[in-house]
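pasting the sequence and the predicted model now:
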Amino acid sequence: MDKPIMYFDAEPKEAFHSFIGRVSLLLVSENVDAITATNFLREIVEAGGEELDTEQAMKIARNYIDIRHLARWQHW
């Protein structure tokens, strides 16, 4: 299976959901414990969930992953 690709020219909500999924997959692929992955998703929800944009979600994700690792999953 090919690595997922995130296109930022997608609809804003599609890009947001793609980003959240990509971070979640990265946490799993790096063998991060389930509590940490759950905390990431909880923090996203508490900050506004779908009302957030991708940039705001990136700021939260920086607490859990090194954003540079996402570069291998994205085409800018």
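Good, I have the coordinates.

where exactly do the helices run in the protein?
Applying DSSP state H to the chain gives helices spanning 12-29, 34-46, 54-61.

worst mean pLDDT among those helices?
Looking at the helices of the chain, the lowest mean pLDDT belongs to helix 12-29 (a mean of 85).

buried residues in that helix?
Buried residues in helix 12-29, counted by 16 or more other Cβ atoms under 10 Å: 15, 16, 18, 19, 20, 22, 23, 24, 26, 27. From N, CA and C alone the C-beta is placed, and that goes for glycine too.

do the same with stretch 52-67
Judged by neighbour count using 16+ other Cβ under 10 Å, the buried positions of stretch 52-67 are 52, 54, 57, 60, 61, 64, 65.

got a list of contacts for it?
Residues lying outside stretch 52-67 but in contact with it, judged by Cβ atoms under 8 Å, 6 or more residues apart in numbering, are 8, 12, 15-16, 19-20, 23, 26-27, 30, 32, 36, 39-40, 43-44, 47-48.

all good on my end, thank you.
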